[in-house]
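Asker: Have a look at this prediction, sequence included:
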Amino acid sequence: MLDLFSFIDVLKKPQPHPQIEASKDFLYDEGRTRGTLYIGGPGTGKTTSTANDIFYYFKRHPREAIFILDWSGSITDCLFKLLLQEPEYEKYLKRVVYDDMGNTDWCVPLPEFSQEYGSLEEQVQRVSQNLQQLDPDLTHKTPVLGGMALSDVAVNFFRLITAITNDLGDNWQITETKKLIYDESLLKLAVNRYGYKEPSAKIWLENSYINTKAQEKYLSTKAIISSLGVIEPTAIRARIGYYRPAWTPKEAIENGIMVICDGAKLINQRKAQYYLFMQLYSLIKQEINKRRPDNPKDLPVILLLDEVYSLLRIPGMADEIASLSPQYRSRKLRLCIVLQELAQMSEELRPHIWSLGNLICFAISNHDEAFQIAQQLFKYDPYAVKVAPIKEEQHPIMEPDRGQYLLYADWIQSLGFRQCFMRRYESQAKKESKVQFVSRTYDFPTKELHMDIDEAKDALIKERGIRVHDALKDINERNIKEDPKVRPEL
């Protein structure tokens, strides 16, 4: 552990404000409820530090769920390295669900609609809201053709879809929306056969859609067709179109599962990546919303967003993300966001990101961003001296606030590999009195792996997944065979 003077020697800077002292890179478990922000440029040690922290939390708390939404796959690989170095790796792998999003051979199904999620109406509303947030320009610039299509027309189609079931009671999925829009005879058949389950959708479709002119139908559904174009790639269609989910947030929370959602294969399919991460986020949040505030029986849940630009850059998500940490503390959601730079967020979100209590800052190359972070980390010292007096009768020249924060920003820029500053909360209410400086984060273990990483991933996928072509076969064969003229008996 470094003392204050050793810290000064390391940085070779003038004496800092005494709020800085040396420490280790751990977070207090009770303080995680305030939310956590990891930020640092590439190659600073940010990812391995985050992976270390999450993995040891996973080991310490076998009953608590962890959801990891990983944009690039980097933290996923770090976690698998840590898992597979453990002598009891098989025990830990049983608590892991691995979702390789975009895998063209195997998919881990996660349909939009399922009885296993709970209320179907809540799911209909969730999907409609997701589509609106994913395309805010369409919603706001064309409120009639775009906004109403996604908030009203789509809702009624989705309600009908959730009413259509096979012999086993499994729902049709969002993948059948276009089929109903394009094939009016199939739509009429569906309304006639299953409309009694969703009377409001039946009335709307019969009176406000089916009997309208072709041009009006086209205009009212154009936005829906455009928005759903993102689910057409085979891997995406198989994933969200298969009738049963491979896992649910409820299952993960009840069994202390770590769900790793790896989006690396979708980097060249940005719109699909945006859609799937939004779906994951909304499903997890929907389950957390079911919790009663301050229920002592509920265990904490960690939601880690690792450079998930697809959520952080959406203007409509600013209030959504900003509200998670302060408003969901009572529901024991522990949000953790990992970023390379503040520019990865939307302009609307940046002012709100500081509501996250724990801040772990590695080296930042952008000086303007380093200055902003310095303002959040450090207190202004009104007694800081810039130039000491030469004679006794002279007054010192004081360092203004901007000068102090420029100095701190320089320190942030000059941090070495695996060095960071930390602002931590000891509990939900108590913040540490001093900002911590970590001269070297915990070492990343480099023992021999008990199993190849790709082999472990493959085994986990096949444990819960289904072949893409099998899922597509099930989706493509969906049809409505019967056409009863009267409502069937309940």
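Answerer: Yep, that arrived.
Asker: how much space is there between residue 331 and residue 308?
Answerer: 21 Å (C-beta to C-beta, to the nearest Å). Every C-beta, even on glycine, is put in place using the N, C-alpha and C of the backbone.
Asker: who has more neighbours, these two?
Answerer: Taking other C-beta atoms under 10 Å, residue 331 and residue 308 do not tie; residue 308 has more neighbours (27 against 20).
Asker: remind me, longest helix of the chain?
Answerer: The longest helix of the chain (DSSP state H) is helix 270-289.
Asker: what packs against that one?
Answerer: Here helix 270-289 touches strand 65-70, helix 120-134, helix 234-241, helix 249-255, strand 301-306, helix 309-312, going by 3 or more C-beta pairs under 8 Å, 6 or more residues apart in numbering; DSSP states H and E.
Asker: repeat that with 7 Å
Answerer: When contacts are defined as 3 or more C-beta pairs under 7 Å, 6 or more residues apart in numbering; DSSP states H and E, helix 270-289 sits against strand 65-70, helix 120-134, helix 249-255, helix 309-312.
Asker: so where is the protein shaky, pLDDT-wise?
Answerer: Along the chain, the model assigns pLDDT under 70 to residues 1-23, 139-141, 143-146, 168-169, 310, 315-318, 324-325, 387, 393-394, 481-490.
Asker: quick one, strands of it?
Answerer: Ranges of strands within the chain are 20-22, 36-39, 65-70, 96-100, 106-107, 258-262, 301-306, 333-339, 358-361, 385-387, 397-398, 420-423, 435-438, 466-467, based on DSSP state E.
Asker: re the thing from before, buried sites along the longest helix of the chain?
Answerer: Residues 271-288 are the ones in helix 270-289 that count as buried (16 or more other C-beta atoms under 10 Å).
Asker: still on that earlier bit, just put the strands of the chain in TSV and tack on mean neighbour count and distance to residue 132.
Answerer: Formatted as TSV, those follow (neighbours: other C-beta atoms under 10 Å; distance: least, C-beta to C-beta, whole Å):
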stretch	mean neighbour count	distance to residue 132
strand 20-22	17	45
strand 36-39	24	27
strand 65-70	25	20
strand 96-100	23	25
strand 106-107	24	26
strand 258-262	24	22
strand 301-306	24	20
strand 333-339	24	23
strand 358-361	24	32
strand 385-387	12	52
strand 397-398	12	52
strand 420-423	22	35
strand 435-438	21	40
strand 466-467	16	30
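Asker: do you know which of those strands lies nearest residue 115?
Answerer: Of all the strands of the chain, strand 466-467 sits nearest to residue 115, with 18.4 Å by C-beta to C-beta.
Asker: Any chance you could list what contacts that closest one?
Answerer: Contact with strand 466-467 is made by 105, 106, 107, 109, 242, as judged by C-beta atoms under 7 Å, 6 or more residues apart in numbering.
Asker: and with 8 Å instead?
Answerer: Under the criterion C-beta atoms under 8 Å, 6 or more residues apart in numbering, residues 105, 106, 107, 109, 238, 242, 246 lie in contact with strand 466-467.
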